[in-house]
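K.L.:
Curious how this folds, go ahead:
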Amino acid sequence: MANRALITPFEVVKYSPAGRDYPSATMCVLIPQIEQEFGYECLGKEMYEWLQDNLATVPADVEEWSCEQLYNDGDLAIRNGCTMVSLTDANADDPVSSENWEAYKRFGDNDCANEMWENYLRGIIANKLFSASLTYATLRTGAGGLTILAGTDGFNSQGFKSAGKTEMHDMKTALNSDVDRMVRNMLRWAKYKTESGDTCEVPLTSMLNCNGLCKPTSNSKRRWGFQY
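P.N.:
Numbers count the residues shown, from 1 in each chain. The predicted structure follows:
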């Protein structure tokens, strides 16, 4: 099947500790690979492909956000590759930094799927992608081979020194810990939804049956069966 990306580079930056100015050039390459790995190995084939098949279709006439236009409540605009919804009338705010906009519901009116995406899955994928891209964002290759992204004496124009091996390791360890916590919470949420009989038109049992394949993102090869 043709894989549709669940997340955009802009969302990776927004929903991870990346920071607004983080370079996202490598994200387009990393997104399908990271999503497929996590989707098939942790969510399970049925759940992952269900999510892809049920992504909301953005209306064809939605245009890029313009600073010269006022948007009313419910109007759509595309900003940094994300479809955003205006939450107020006469809205001239930039969706990047305003609370008067929210992301277009990824799974339409399916409240259960949107809840899982907004509370768990979006953050999990964003943090995994941020972690995977850190090395490429810090190091560069060119005519001189491999170089560290830094200025004179190892510092850039803002006075920040590029992270070394120890700092990179510590950051990735923290990110992996956050991802593992979010995965455990997502599985706990799915188990509760399933056992409580709450209406949820999402194949949660696929994910629960596959959770023995969910694994920490450290160098360990041991696979976890999460406890609830």
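K.L.:
Pop the domain breakdown of the protein in here.
P.N.:
For the chain, automatic domain parsing gives the domain ranges 1-56+109-228, 57-104.
K.L.:
Let me see the contact set for E102.
P.N.:
Listed by CB atoms under 8 Å, 6 or more residues apart in numbering, the contact set of E102 reads M84, V85, L87. All C-beta atoms are positioned from the backbone trio N, CA, C, and that covers glycine.
K.L.:
Write the PyMOL selection for whichever of the residues you listed are buried.
P.N.:
Buried residues among the contacts of E102 (16 or more other CB atoms under 10 Å), as a PyMOL selection:
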select buried, resi 84+85+87
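K.L.:
N54: which of the contacts of E102 is nearest?
P.N.:
Checking these against N54 with CB to CB, the nearest one is V85 at 18.5 Å.
K.L.:
Quick one: mean pLDDT for the strand or helix carrying Y192?
P.N.:
Per DSSP states H and E: Y192 is located in helix 165-196. The average pLDDT within helix 165-196 is 90.
K.L.:
likewise stretch 106-113?
P.N.:
Here the average pLDDT along stretch 106-113 is 93.
K.L.:
Adjust the sequence numbering to begin at 682 for everything that follows.
P.N.:
All right, first residue 682 from here; so that's stretch 787-794.
K.L.:
That one: end-to-end distance?
P.N.:
With CA to CA, to the nearest Å as the measure, stretch 787-794 spans 8 Å from end to end.
K.L.:
and that stretch, which residues are buried?
P.N.:
R787, F788, N791, C793, A794.
K.L.:
So which of those sit within helices?
P.N.:
Using DSSP state H, the subset of the buried residues of stretch 787-794 located in helices is C793, A794.
K.L.:
about what we covered before: name the nearest of the contacts of E783 relative to P713.
P.N.:
Closest to P713, out of all of the contacts of E783 and judged by CB to CB, is M765, at 23.1 Å.
K.L.:
Please verify my assumption that that closest one contacts D756.
P.N.:
No - using CB atoms under 8 Å as the test, M765 is too far from D756 to be in contact (9.2 Å).
K.L.:
Could you pull up the contacting residues of F719?
P.N.:
I805, I806, K809.
K.L.:
Repeat that for K853.
P.N.:
With CB under 8 Å, 6+ apart, K853 has these contacts: S812, L815.
K.L.:
how far away is it from A771?
P.N.:
44 Å (CB to CB, to the nearest Å).
K.L.:
now swap in T738 and tell me
P.N.:
With CB to CB as the criterion, T738 and A771 are 28 Å apart.
K.L.:
Likewise for M849?
P.N.:
For M849, the distance to A771 - CB to CB - is 46 Å.
K.L.:
Between these two, tell me which one has more neighbours.
P.N.:
M849 (16 against 10; other CB atoms under 10 Å).
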